[in-house]
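# the sequence and its predicted three-dimensional model are supplied below.
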Amino acid sequence: MRLRLILGDQLSETVSSLHNVDKINDLVLICEVHSEATYVKHHKKKIAFLFSAMRHFAEDLLNQGYNVLYTKYDDEANTGSLLGEVKRVLNIHRIEKIILTKPNEYRLFSEILKWSEILGFPVEIKDDDRFLCTTEDFNLWAKERKQIRMEFFYRNMRRKYSILMDGDQPIDGQWNFDNDNRKPPKAGLDIPQTYLSAPDLITNEVLKVVDKSFPDHFGDLYPFNFAVTREQALEALEEFISRRLQNFGTYQDAMVEGEPWMFHSHISFYLNSGLLNPLECIKQAEEAYHRGFAPINAVEGFIRQILGWREFVRGVYWLKMPEYKSVNYLEATRKLPSFYWTGETEMNCLHQCVSETRENAYAHHIQRLMVLGNFVLLAGIHPDEVNEWYLLVYADAYEWVELPNVTGMILFADGGVVGSKPYAASGAYINKMSNYCKKCKYKVSEKTGPDACPFNYLYWDFIIRNEKKLRSNPRMGLIYKNLDRMDHEKYITIKSDSDLFFNKLEKDEKV
Ligand code: FAD
Ligand code: DLZ
Ligand code: SF4
């Protein structure tokens with residue numbers, strides 16, 4: 001009898017830990033445990049989503065004749081840790097071997113590597129083949145290059161999987177159609193509602209447990225409408241393809257007050273937990289293009305996120321860990337302001353994005369990157385503080401995907417592994433891509449002074465503060481030329497406005 005342990009983000013029947021399973025004799029173990037639910041104080045919706053999806057997945061396996069052992073969070077005998085639960089099974093059943101798929105976080109992977117010695121038992125860790133690029137292939141690809149760039153990795157992946165290809169050339173003659181994408185929102189945009197699923201009995205039971213057991217965790221638990229089964233996740237994907245994909249590219253970077261979902265797919269929760277697999281999402285989008293249902297700029301843009309970015313950041317994570325967790329290239333030191341938890345700030349863009357994050361355990365990419373991310377970059381918040389926040393507030397967050405996006409993409413703390421330059425921007429970018437500034441106390445058109453948009457002076461303060469590290473970056477040359485041309489008085493005002501702002505942050509005064 002072999003014990004097949006399945007983790008909360010491994011909810012795929014095709015997961016490698018179930019390969020060659022003997023349904024009658026093998027035992028499948030799935031457990032809700034305190035250690036995984038609290039290694040950071042995950043958003044309540046994230047815990048509810050995973051517990052409910054785990055329970056539904058276990059039920060599905062049971063119905064198919066698997067031998068499933070399931071530990072509920074509030075079971076009296078629950079030891080609270082994965083190792084404790086495995087020990088409990090070993091004490092009762094005659095197990096020859098433990099089999100599991102490699103955890104997607106270094107933290108848990110390194111713990112489990114010790115299990116065999118602790119337990120005196122064989123533990124087989126299989127690769128996670130739900131990804132489209134193995135870590136070995138990624139490492140080989142990276143080793144051959146002085147600099148790794150997503151765009152070239154993505155082209156290889158397009159070729160490898162023959163996605164949107166015409167022989168060995170990209171369909172429609174281009175790899176990338178971003179020139180047609182990323183338009184500002186226009187008034188009166190008709191944005192479809194995201195997929196909503198009504199909680200069933202299992203989900204309602206989970207919601208009660210989460211409500212009772214995690215009162216001090218961030219976020220609103222209700223309303224809860226996530227998909228929690230593979231069938232529902234497939235419906236969510238189908239809804240995206242039929243209702244939002246057409247506009248995905250055009251409005252990929254647009255932000256509208258009160259519209260948290262825009263034309264994005266909202267499938268990251270399902271992809272990262274295993275309810276959906278990446279290739280089926282890519283194929284469905286590709287098929288929509290071939291049917292003439294969605295334009296190439298939308299389909300290519302969407303596919304690039306999954307075949308390109310998602311696989312790329314996972315590759316970077318395993319290539320660079322564990323050192324990657326402690327890099328701080330720009331030597332940022334500040335604490336995360338309290339308004340990242342409360343939403344209480346006069347800066348309307350941040351108020352909107354934090355509030356939506358609290359309500360939905362979701363924010364779309366450009367909110368994460370250019371509002372929430374831009375601010376922590378410009379303000380010089382320490383990477384540990386920022387990483388912890390991003391890891392706990394989003395229902396799709398696991399370190400393998402969160403860390404490279406935060407440390408690499410938004411903070412430039414890796415000195416240029418993920419991105420070639422920091423994504424720093426002034427208020428003008430947010431004003432162009434959203435309607436947030438219209439209702440803001442600050443004036444985006446003012447560069448300095450008490451009414452000026454803080455992003456405007458903080459942007460230059462960031463450029464000045466990090467001159468030693470960034471001036472030699474060829475992609476920053478123009479910006480430093482502009483700094484050289486800046487008149488002295490403006491330079492001094494930028495510094496004093498920024499100091500004033502940072503003083504307020506330090507004293508936790510409302511900004
Ligand atoms: P869509 O915009 O519809 O994109 C489709 C899919 O592409 C996503 O579901 C996701 O699987 C993939 N994708 C898109 N961009 C990225 C990216 N940069 N990296 C990896 N995959 C990507 N994504 C997570 O899944 N988990 C995280 O913890 C996470 N943290 C992030 C932190 C920051 C600071 C930033 C800038 C981005 C982060 N992302 C993360 C990437 C991206 O923002 C989310 O994947 C996306 O917003 C999820 O919403 P969606 O499913 O509607 O995505
Ligand atoms: C995120 C999470 C949570 C909240 N709870 C559990 C759990 O109770 N049991 C479990 O097996 N997994 C859980 N997970 C997912 C794990 O944290 C995830 O498998 C690792 O972080 C590796 O990615
Ligand atoms: Fe954000 Fe500045 Fe616009 Fe206010 S004015 S919403 S702070 S970008």
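Received it, and whenever you're ready, just let me know what you need. Residues are numbered from 1 along each chain as shown. Ligands and ions are numbered 1, 2, ... in the order given.
# contacts and neighbour counts: CA atoms only from here.
Will do.
# for this structure, which residues are neighbours of ligand 3?
347-349, 427, 430-431, 436-437, 440, 442-444, 453-455 (C-alpha under 6 Å from any ligand atom).
# of these, grab the buried ones for ChimeraX.
Applying 16 or more other C-alpha atoms under 10 Å to these, the buried members can be selected in ChimeraX as follows:
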select :347,348,349,427,430,431,436,437,442,443,444,453,454,455
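# tell me which of the residues of the chain next to ligand 3 is nearest to L500?
P454 (10.6 Å; C-alpha to C-alpha).
# residues in contact with that closest one?
By C-alpha atoms under 8 Å, 6 or more residues apart in numbering, P454 lies in contact with 427, 442, 498, 501.
# helices - which of these land there?
Secondary structure from DSSP state H places 427, 498, 501 of the contacts of P454 in helices.
# pretty sure the first one sits against V444.
Yes: with the criterion set as C-alpha atoms under 8 Å, G427 and V444 qualify as a contacting pair; they are 5.8 Å apart.
# overlap in contacts of the two?
Shared contacts of G427 and V444, counting by C-alpha under 8 Å, 6+ apart, come down to 453, 456.
# which elements pack onto the helix or strand containing E300?
For E300, the host element (DSSP states H and E) is helix 296-303. Packing contacts for helix 296-303, counted by 3 or more C-alpha pairs under 8 Å, 6 or more residues apart in numbering; DSSP states H and E, involve helix 245-248, helix 278-290.
# ranking these by burial, who's on top?
Mean neighbours per residue, mean count of other C-alpha atoms under 10 Å, is largest over the helices and strands packed on helix 296-303 for helix 245-248, with a mean of 24.
# after it comes which helix or strand?
helix 268-273.
# could the helices and strands packed on helix 296-303 go into a markdown table alongside distance to M262 and mean pLDDT?
As requested, the helices and strands packed on helix 296-303 are exported to a markdown table (distance: least, C-alpha to C-alpha, whole Å; pLDDT from 0 to 100):
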| stretch | distance to M262 | mean pLDDT |
| --- | --- | --- |
| helix 245-248 | 8 | 97 |
| helix 278-290 | 18 | 98 |
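# can I get those in TSV with distance to L221?
Output for those, formatted as TSV (distance: least, C-alpha to C-alpha, whole Å):
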stretch	distance to L221
helix 245-248	28
helix 278-290	28
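# once you drop chain neighbours, what's closest to L378?
F462 (5.3 Å; C-alpha to C-alpha, 6 or more residues apart in numbering).
# hang on, the earlier thing: any idea which of the contacts of P454 is closest to ligand 2?
G427 (34.7 Å; C-alpha to the nearest ligand atom).
# tell me which element the nearest residue to the closest one once chain neighbours are set aside falls in.
Nearest non-adjacent residue to G427, counting by C-alpha to C-alpha, 6+ apart: F455, 5.1 Å away. Secondary structure assignment for F455, by DSSP H and E: helix 454-465.
# also L100?
Applying DSSP H and E, one finds L100 within strand 97-101.
# quick one: mean pLDDT for that strand?
Regarding strand 97-101, the rounded mean pLDDT is 97.
# go on, stretch 391-410?
On average, stretch 391-410 scores 98.
# do stretch 98-112 and ligand 2 meet?
Yes: on the criterion C-alpha under 6 Å from any ligand atom, stretch 98-112 is in touch with ligand 2 at 103-105.
# I'd like to know which of those are buried.
Buried, going by 16+ other C-alpha under 10 Å: 103-104, out of the residues of stretch 98-112 next to ligand 2.
# please narrow the residues of stretch 98-112 next to ligand 2 to those residing in helices.
Using DSSP H, none of these sit in helices.
# next SSE after the helix holding E300?
In N-to-C order, the element after helix 296-303 by DSSP H and E is helix 311-320.
# elements contacting that next one?
Taking 3+ C-alpha pairs under 8 Å, 6+ apart as the contact cut, helix 311-320 packs with helix 135-143, helix 150-161, helix 399-403.
# next up, the contacts around L377.
L377 neighbours (C-alpha under 8 Å, 6+ apart): 410-411, 424.
# re earlier: OK, contacts around the residue nearest to G427?
375, 378, 425-427.
# and the strands in the stretch 1-150 of the chain, which stretches?
2-5, 27-31, 68-71, 97-101, 123-126 (DSSP state E, counting those that start in this stretch).
# how about TSV for the ones you listed, with distance to F293 and mean neighbour count added?
Compiled in TSV, those are given as follows (distance: least, C-alpha to C-alpha, whole Å; neighbours: other C-alpha atoms under 10 Å):
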stretch	distance to F293	mean neighbour count
strand 2-5	41	23
strand 27-31	40	24
strand 68-71	42	18
strand 97-101	37	21
strand 123-126	39	17
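# got the phi/psi numbers for S434?
phi -150, psi 170 (degrees, to the nearest 10).
# number of residues surrounding the closest residue to it other than its chain neighbours?
Sequence neighbours aside, M255 is the residue nearest to S434 in space, at 4.5 Å (criterion: C-alpha to C-alpha, 6+ apart). M255 sits with 26 neighbouring residues when counted by other C-alpha atoms under 10 Å.
# what sits against M255?
184-185, 262, 366-367, 433-436.
# check what pLDDT it gets.
97.
# for the residue lying closest to P337 once chain neighbours are set aside, the count of nearby residues, please.
Spatial nearest neighbour of P337, excluding adjacent residues (C-alpha to C-alpha, 6+ apart): L505 at 6.4 Å. Residues lying near L505 (other C-alpha under 10 Å) number 19.
# what residues are up against V40?
V40 neighbours (C-alpha under 8 Å, 6+ apart): 388, 391-392.
# can you tell me which of the contacts of M255 are in helices?
366, 433.
# ligand 2: which of the contacts of M255 is nearest?
Q367 (22.6 Å).
# gap between the residue lying closest to K126 once chain neighbours are set aside and H290?
Distance criterion C-alpha to C-alpha, 6+ apart; nearest residue to K126, sequence neighbours excluded, is T101 at 4.7 Å. From T101 over to H290 the distance is 35 Å, taken as C-alpha to C-alpha, to the nearest Å.
# no further questions, thank you.
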